[in-house]
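Trainee: show me how the following folds:
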Amino acid sequence: MPAAVVTKRLGQYFTPERLAHCLVRWVVRHEGDRLLDPACGDGRFLQAHPNSMGVDVASDLCLAARFAAPSTVVHASDFFSWALSTNDRFECAAGNPPFVRYQHFSGETRENAARLAARMGARFSGLSSSWAPFIVGAASLLKPGGRLAFVVPAEIGHAPYAAPLLEALCTHFDKVRVIAIKEKVFPRLSEDVWLLFADGFGGTAREIGLVKWGTLHLPGIPPEPTVRITLSEWHRHGCRLRKHLVAGSRLEQYAAWSEKPGVLRLGDTARVGIGYVTGANDFFHLRPSVARRFDIPGDVLTAAIRRGEQLPRGEVNETHVRLWLEQDQPVLLLRLAGAAELSPPIVRYLDTDPGQRARQTYKCRSRDPWYVVPNVEVPDGFLTYMSGRDVFLVKNSAACVCSNSVHAIRLTGRISMGRLQRAWSHPMCALSAELEGHPLGGGLLKLEPHEASRLLIPLNGTGISQADIDAMQRITHEARSWRHCER
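Mentor: I've put the predicted structure just below:
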């Protein structure tokens, strides 16, 4: 397997040596302190302190770590299974835990991670990435008064599974601090990273200290917090540090704006959900030329929005659909639900080599019959799922359907799509998208369905002053700059 693929699969992105040494200098208070790195990689954290122990699942990296830090002990093992059985305890822990997404963080490894995290009272959902349980697991092996310092993905500021991590740390440490860094520490990664510190294992923290940095400053880590967030505040604003990062003292005002007459949440008047999942997009979305070649009847073909880039601004209408068809774009969804009998042309298409490959995909194997795409509906409108500078709300005037690359908007109240779109230009909507959504990397903003449902829509005169609007625009600009969008 190519090295780049292995690196991505195992979540291995190695920390700059100066940063690794700086974090180790902070956690190590005495020469005799024992340091744990739960995912030691090539040993650059271990190099900084001779009395260290490292664990890594990759045996070749363990060899590199032993060579780089010959005085340390390195275990070639899955960290979670090792931690459940070890009697070793440490004064401190530091490292850069692997960032493995939930799709690959599974099986026995996840089960052991859950058991280890439960010792600290942390419960992670099945959608959690690996880095959060790594930190909780390392913390569980500390001695009273112990410390930890880790490089973490910037999603600690918004991911749902960051909440049980920070809850556990605040329950078991005197102090918890997070440093948000705007510049990219790993230039080749789209994902930003922040720094996490916890001190005084065995105590209890009543607040989270947040520090905002434009660039990485190694001397003086960690500085005194610029924002102190009580746990009640953190809970009240959705357990999202990122909101405090960009909005600060305006968060209470944002909450007050949401209560004003004429302001509603998108979920109050519409259902927001992802579109259908085919399991094999290239097979189920046909070009008109392919449909003609196989003589596929038009009554089983429906014009579809496959991705957000396809959406025009404002409205999808018949003119757009005609243009896509004239350009021979693959926008015709093969829609066979309710077909009592398959005609010979459809059978011929299903039996092609691409059809044989499609029926072997996970989603198709799980369906009966495999060729019927479920949950295909015509929504009232579309909302971009992943957006650049702006999030777009688009009216569906052409009866198109949509894949799970965009959100389907289905109105539930008396408010029309036109009225929602007119309100969409208000600065409150742009601000709300930044605070309720989250950065995806590469400058993109992602809105999950539950996040999109929380978007604020000011329908009437809301009593918001020009000064408030100016503040909304400043906060929006700041939020976009943190996801590397606004220039």
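Trainee: shaky segments in this structure?
Mentor: Judged by pLDDT under 70, the chain has its weakly predicted residues at 1-14, 100-106, 190, 461-462, 486-487.
Trainee: domains in it, as residue ranges please.
Mentor: Following automatic domain parsing, the chain resolves into domains at 3-242, 269-334+375-482.
Trainee: adding distance to Leu350 and mean neighbour count, write those domains out as TSV.
Mentor: Placement of C-beta: from N, CA and C, glycine included. Compiled in TSV, the domains of the chain are given as follows (distance: least, C-beta to C-beta, whole Å; neighbours: other C-beta atoms under 10 Å):
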stretch	distance to Leu350	mean neighbour count
domain 3-242	28	19
domain 269-334+375-482	9	18
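Trainee: so which of the ones you listed is nearest Glu252?
Mentor: Taking C-beta to C-beta, domain 3-242 is the member of the domains of the chain nearest to Glu252, at 8.8 Å.
Trainee: related to what we said a few turns ago, ok, which of the domains of the chain comes nearest Ala255?
Mentor: Closest of the domains of the chain to Ala255 is domain 3-242, at 7.5 Å (criterion: C-beta to C-beta).
Trainee: the closest residue to Leu444 other than its chain neighbours bridge partners, please.
Mentor: In space, and not counting its chain neighbours, Leu444 is closest to Met386: 5.0 Å by C-beta to C-beta, 6 or more residues apart in numbering. Counting by DSSP bridges, Met386 forms beta bridges with Lys446.
Trainee: OK, contacts around the closest residue to Val24 other than its chain neighbours?
Mentor: Nearest residue to Val24, sequence neighbours excluded (C-beta to C-beta, 6+ apart): Ala48, at 3.8 Å. Going by C-beta atoms under 8 Å, 6 or more residues apart in numbering, Ala48 touches 20-21, 24-25, 28.
Trainee: nearest to Leu440 among those?
Mentor: Of those, the one sitting nearest to Leu440 (C-beta to C-beta) turns out to be Ala20, at 26.9 Å.
Trainee: name the element Met53 belongs to?
Mentor: Using DSSP states H and E, the element containing Met53 is strand 52-56.
Trainee: show me what the following helix or strand past that strand packs onto, helices and strands only.
Mentor: Using DSSP H and E, the helix or strand that follows strand 52-56 in sequence is helix 59-68. Where contact means 3 or more C-beta pairs under 8 Å, 6 or more residues apart in numbering; DSSP states H and E, helix 59-68 is packed against strand 52-56, strand 73-76.
Trainee: need those strands in JSON lines (columns: distance to Asn281).
Mentor: Converted to JSON lines, the helices and strands packed on helix 59-68 look like this (distance: least, C-beta to C-beta, whole Å):
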{"stretch": "strand 52-56", "distance to Asn281": "37"}
{"stretch": "strand 73-76", "distance to Asn281": "40"}
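Trainee: between those, which gets nearest to Ala304?
Mentor: strand 52-56 (45.2 Å).
Trainee: just the strands in the stretch 351-487 of the chain please.
Mentor: Ranges of strands within the stretch 351-487 of the chain are 381-384, 386-387, 393-396, 401-402, 406-411, 438-441, 444-446, 456-458, based on DSSP state E, counting those that start in this stretch.
Trainee: for the last one, what is the distance to the chain centroid?
Mentor: If you compare the mean C-alpha spot of strand 456-458 with that of the full chain, they lie 24 Å apart, counting by C-alpha atoms, centre = their mean, to the nearest Å.
Trainee: what strands flank it, and is each parallel or antiparallel?
Mentor: strand 263-265 (antiparallel).
Trainee: what's the strand it pairs with in contact with?
Mentor: 257-258, 428, 453-459, 462.
Trainee: farthest-separated two in the residues you listed?
Mentor: Greatest spatial distance among the contacts of strand 263-265 (C-beta to C-beta): Ser453 and Thr462, at 19.8 Å.
Trainee: next, find the distance separating the residue nearest to Val24 from Ala132.
Mentor: Ala48 sits 24 Å away from Ala132, going by C-beta to C-beta, to the nearest Å.
Trainee: same question, Arg335
Mentor: 40 Å.
Trainee: export the host helix or strand of Val178 as CSV, just CAs?
Mentor: Element membership for Val178 (DSSP H and E) is strand 173-181. Below are the C-alpha coordinates for strand 173-181, written out as CSV (Å, rounded to 0.1, in the frame of the first residue of the first chain):
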residue,chain,number,x,y,z
PHE,A,173,-8.1,18.4,36.0
ASP,A,174,-7.6,21.7,37.8
LYS,A,175,-7.0,23.6,34.6
VAL,A,176,-8.0,23.1,31.0
ARG,A,177,-6.8,25.4,28.2
VAL,A,178,-7.1,25.4,24.5
ILE,A,179,-5.0,27.5,22.1
ALA,A,180,-6.7,28.2,18.8
ILE,A,181,-4.2,28.9,16.0
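Trainee: what are the pairing partners of it, and which direction each?
Mentor: In the sheet, strand 173-181 lines up against strand 193-201 (antiparallel), strand 207-213 (parallel) (DSSP bridges).
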